[in-house]
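Enquirer: structure here, sequence nowhere to be found:
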């Protein structure tokens, strides 16, 4: 087995390469620049929007983990954010389908629902948020991720592929920005209201991608993945009353339960987060 990992030099990409190494799976890394220290036996340098580059990177691949993307709408023009993300996803998935690859995973985002980067304050239609919660995309990043998920639907139908779109929350390692982010939210929970105080440790993000590669059946599936509890010490019900008043609750959220429905992650992927922030778990 060989897996192509796009955006392999990024935070999640490096962790996915580590998981593939653990599983004795050969890896091809597609990166804009080769840092020289990737845990892959094959590195292709180039842009994931280029059909020629992607075709070369797909040589011998049985699966794809597509992570290459602009991660927020905050530092680039809107047309660059939307255009880069959607074209790279289409190029990679369509080329994979034509090459006979039947399993792919793409990095979507919980920001796809629209609340994270909206120009105005938005609230979910109901809680906990699940894969069917109506989206309210009002920024180019959210729109790009919803478009990526529609692209996954298309290639799954066209080529008979299995494509899992993982809606990731805030990602970080226990030795880097995750603990700092937790400290910031503990001081001011309002900073996490748009993202519902969710997080996932980098190694768990990679593990979810690995499990998604083995997802049974055909078709495209959207799955929320997150740690089971929020990144802040306050009870979730208290936070929701303060920052999302009036939003209907479809089930009680006890203690610090994260306001995302993780049922699909558990039932479809067999995934549960293991690396939790010390002091909040």
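Expert: Looks like it came in fine. Keep in mind the model is a prediction, meaning the values are calculated, not measured.

Enquirer: list the buried residues for whichever strand or helix holds residue 180?
Expert: Under the criterion of DSSP states H and E, residue 180 resides in helix 177-187. Using 16 or more other Cβ atoms under 10 Å as the test for burial, helix 177-187 gives 178, 179, 181, 182, 185, 186. (C-beta placed from N, C-alpha, C; glycine too.)

Enquirer: once you drop chain neighbours, what's closest to the last one?
Expert: The shortest distance from residue 186 to any non-neighbouring residue, by Cβ to Cβ, 6 or more residues apart in numbering, is to residue 232 (5.6 Å).

Enquirer: hang on, that neighbour packs against residue 188?
Expert: No - between residue 232 and residue 188 there is no contact under Cβ atoms under 8 Å: 9.6 Å.

Enquirer: ranges for the strands of the stretch 151-281 of the chain?
Expert: For the stretch 151-281 of the chain, strands defined by DSSP state E, counting those that start in this stretch occupy the ranges 162-168, 170-172, 199-201, 219-224.

Enquirer: relative orientation of the last one and strand 162-168 in degrees?
Expert: In terms of direction (axes from the mean of the first three to the mean of the last three Cα atoms, to 10 degrees), strand 219-224 departs from strand 162-168 by 10 degrees.

Enquirer: run through who's touching strand 219-224.
Expert: Contacts to strand 219-224, defined as Cβ atoms under 8 Å, 6 or more residues apart in numbering, come from residues 108, 110, 129-131, 149, 152-153, 155-157, 161-167, 208, 212, 215, 260-262, 264-265, 268-269.

Enquirer: those helices in the chain, which residues are they?
Expert: 11-22, 51-57, 78-98, 140-159, 177-187, 202-213, 236-243, 263-264 (DSSP state H).

Enquirer: other residues contacting the fourth one?
Expert: Think helix 140-159. Contacts for helix 140-159 (Cβ under 8 Å, 6+ apart): 69-70, 72-73, 78-79, 81-82, 85-86, 89-90, 93-94, 96-98, 102, 104, 106, 108-109, 111-114, 116-118, 135, 137, 161-163, 165, 167, 218-220, 222.

Enquirer: restricted to buried residues, select those in PyMOL.
Expert: Only the buried entries of the contacts of helix 140-159 go into this PyMOL selection, using 16+ other Cβ under 10 Å:
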select buried, resi 69+70+73+81+82+85+86+89+90+93+94+96+97+102+104+106+108+109+111+112+113+114+116+117+118+135+137+161+162+163+165+167+220+222
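
Enquirer: who has more neighbours, residue 232 and residue 188?
Expert: residue 232 (21 against 10; other Cβ atoms under 10 Å).

Enquirer: now do the same contact list for that one.
Expert: 182, 185, 186, 189, 192, 197, 239, 256, 280.

Enquirer: kindly reformat the helices of the chain as CSV containing distance to residue 38 and mean pLDDT.
Expert: Conversion of the helices of the chain to CSV gives the following (distance: least, Cβ to Cβ, whole Å; pLDDT from 0 to 100):
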stretch, distance to residue 38, mean pLDDT
helix 11-22, 6, 98
helix 51-57, 13, 98
helix 78-98, 18, 98
helix 140-159, 24, 98
helix 177-187, 21, 93
helix 202-213, 14, 98
helix 236-243, 39, 97
helix 263-264, 31, 96
